[in-house]
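Engineer: sequence first, predicted model second:
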Amino acid sequence: MTLLTWPRFDLFEYEYELARREVRVLVDGAAEETREGFVVPAPLSTKALQSFTYFSEVVDQDRREVTPQRRIELVHRQVTGRTGSGQSTRYLVHDLHEYKGKFNPQMARALINVFGSRADEVIDPFCGSGTTVIEAVRLGKRGLGLDINPLAAWMSQIKVDVTVSRDPVRLLGEFRALGQSALRRAGSAKKPPRTTFSKLWDEDTQMYLESWFPPETFWPLARVLGGISESDGLAGELIRLAVSNITRQVSWQLPEDLRIRRRPKGWQPPDTVPLLARALKRVEFALVEQLDAPAPDSVAVGRIAQVDARAVESAAPPRKRVSRVIVTSPPYATALPYVDTDRLSIVLLGLSPSSNLKALDGKLTGSREWTRSESKEWDARMRSNADELPTSVLDLVTEISARNERDNAGFRRLAVPGLLYRYFADMGDAISSWSRVLSKDEYAVLVVGTNKTAGTNDPIVIDTPSLIADLAPSRGFVVSEVCPLQAWPRYGMHARNGVAGESAVVLRRVLDS
Ligand SMILES: C[S@@+](CC[C@H](N)C(=O)[O-])C[C@H]1O[C@@H](n2cnc3c(N)ncnc32)[C@H](O)[C@@H]1O
């Protein structure tokens, strides 16, 4: 008999529910729930023990042991010196870089366990900072993440590479040595030679960057970046990642604004050295924690591609005998401007030419960017329902249009019905693409929330989970369930976007009749 104990802190109701479902999927035989946790009749398999997300300890005749996941969370607190005893969400590589709308990693892990326990490969077509892919790899599975934001694709690949690194001790040593020399370079007040700039950027890009960074911070950053060479490998990429993390603080970009806007005049640039030192420390913490993490199974590899979620098959060709699951959180309707927000990091690190970025922003699902001719085209498509969207979506856009007319709305509000129609058409295309890489009875799990129309006293609720569920039947799926997740208030996320509650929309692939 084995006892699996609940943690001492409270979980959310949805977390208890996911934990129960993990037991059902991962434990052979009937397990009995008690106040303390679960009593399991047979010994636990190593796989189950390694996989559980929420349990704290495993107790049997011979041992009382902290579960591997809980141990990683506790190590995180020890290494970073963070106090508190609740759930930590920034363990291992999850804290390496900021990203808007990050997943709760435990939730991604539990969803993989529950809906993809037998899957060999986990795909996240809107991978953002790579949370799902990292948890997939930690669970011994292959992970594939797609994102059209070059910064997201880049940081996710680095996080994966750290996670699967075969020699974390050496990586830490190399990183520390490079970090020391980066700090020395940052400390020099002299203007770097012209060759440093020309090695990093062409003239136009340099001029663009000079308009966004004062010399007091631009020169140290150029020195640090110029000091990294390709032969520095992953350790060099981690230094660049630390630089990217302080980009907003040392530039003219208003930190709190999602769009790239300038700070008011009179701003005094901070000293780059202590900021960089702190950013390097944060990376070092993750590498130290990694020393304690069990090495993922040798089959577990993670791959990230800068590919559109509507073209998954180009990165994941259909394969026989590979079972898959999709776990993802798509952007919201009228989403965050992911590319614009990260523009300075992208250009500074040479991840994409600045001339490409507007087009990339326009390609984001849920983008608010469109040209006049695109707007006309989508209006026409909406009027004829060229994309065969379900009645519920059409009713919503009709209701918003009627309200716009009643209120004599301005141009921003007038654009909303067409933008929403385009969002759901794009999501429909994405789901169709996923149907081409999943086999019968495999799952696609989408974590999405409701939001509201802005700019009016009587906003209309956009129930994205149920509208996405309505898209599924004509795109190769049935709706298996919609589970409410009350996760976000704990982290205060999305508060400003008015996202009330999130749900996991679980779609099951059915064969086309
Ligand atoms: C809500 S975020 C995902 C966050 C992620 N779960 C995490 O933990 O970091 C949505 C992501 O979708 C990406 N995205 C938007 N439209 C896309 C598209 N058409 N194809 C691929 N990625 C897209 C955005 O760049 C953003 O990174």
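Structural biologist: On my side now, so go ahead.
Engineer: look up how far Phe38 lies from the residue in the stretch 51-200 of the chain positioned nearest to the ligand.
Structural biologist: For the stretch 51-200 of the chain, the residue closest to the ligand is Gly128, as judged by CB to the nearest ligand atom, at 2.6 Å. For glycine as for every other residue, the C-beta is placed from the backbone atoms N, C-alpha and C. Separation of Gly128 from Phe38 (CB to CB, to the nearest Å): 33 Å.
Engineer: repeat that for Asp470.
Structural biologist: Distance from Asp470 to Phe38, by CB to CB: 36 Å.
Engineer: what does Glu313 give?
Structural biologist: For Glu313, the distance to Phe38 - CB to CB - is 40 Å.
Engineer: in terms of neighbours, single out the busier of the two.
Structural biologist: Phe38 (20 against 14; other CB atoms under 10 Å).
Engineer: for my notes, confirm that one occurs in a strand.
Structural biologist: Yes: under DSSP: H, G, I helix; E, B strand; the rest coil, Phe38 sits within a strand.
Engineer: interface residues of this protein facing the ligand?
Structural biologist: Contacts of the chain with the ligand, taken as CB under 6 Å from any ligand atom, map to 99, 101-103, 126, 128-129, 131, 146-149, 152, 308-310, 329, 331, 338, 364-365.
Engineer: restricted to helices, list those.
Structural biologist: In this view, the residues of the chain next to the ligand that belong to helices under DSSP state H are 131, 152, 338.
Engineer: dump those residues into a markdown table; add pLDDT and neighbour count as well.
Structural biologist: Formatted as a markdown table, these follow (pLDDT from 0 to 100; neighbours: other CB atoms under 10 Å):
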| residue | pLDDT | neighbour count |
| --- | --- | --- |
| Thr131 | 98 | 27 |
| Ala152 | 97 | 27 |
| Tyr338 | 85 | 24 |
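Engineer: any chance of the residues you listed in JSON lines with distance to Ser480 as columns?
Structural biologist: Below are those laid out as JSON lines (distance: CB to CB, whole Å):
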{"residue": "Thr131", "distance to Ser480": "22"}
{"residue": "Ala152", "distance to Ser480": "28"}
{"residue": "Tyr338", "distance to Ser480": "29"}
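Engineer: between those, which sits nearest Ala444?
Structural biologist: Ranked by distance to Ala444 (CB to CB), these are led by Thr131 at 16.7 Å.
Engineer: count the residues that sit near the nearest residue to the closest one once chain neighbours are set aside.
Structural biologist: In space, and not counting its chain neighbours, Thr131 is closest to Phe103: 4.0 Å by CB to CB, 6 or more residues apart in numbering. Applying other CB under 10 Å, we find 26 residues neighbouring Phe103.
Engineer: now Thr334
Structural biologist: By other CB under 10 Å, the residues close to Thr334 number 18.
Engineer: touching, it and Leu419? I think so.
Structural biologist: Yes: if you go by CB atoms under 8 Å, Thr334 and Leu419 touch, sitting 5.9 Å apart.
Engineer: in stretch 221-230, which residues are buried?
Structural biologist: Going by neighbour count (16 or more other CB atoms under 10 Å), the buried part of stretch 221-230 is 221-228.
Engineer: on that earlier part again, shouldn't the residue of the stretch 51-200 of the chain closest to the ligand be in contact with His97?
Structural biologist: No: using CB under 8 Å, Gly128 makes no contact with His97, being 10.5 Å away.
Engineer: I'd say Leu507 and Asp441 touch.
Structural biologist: No: using CB under 8 Å, Leu507 is not in contact with Asp441, being 11.2 Å away.
Engineer: how about Val312, what does it touch?
Structural biologist: By CB atoms under 8 Å, 6 or more residues apart in numbering, the residues touching Val312 are 123, 125, 146, 430, 433-434, 436-437.
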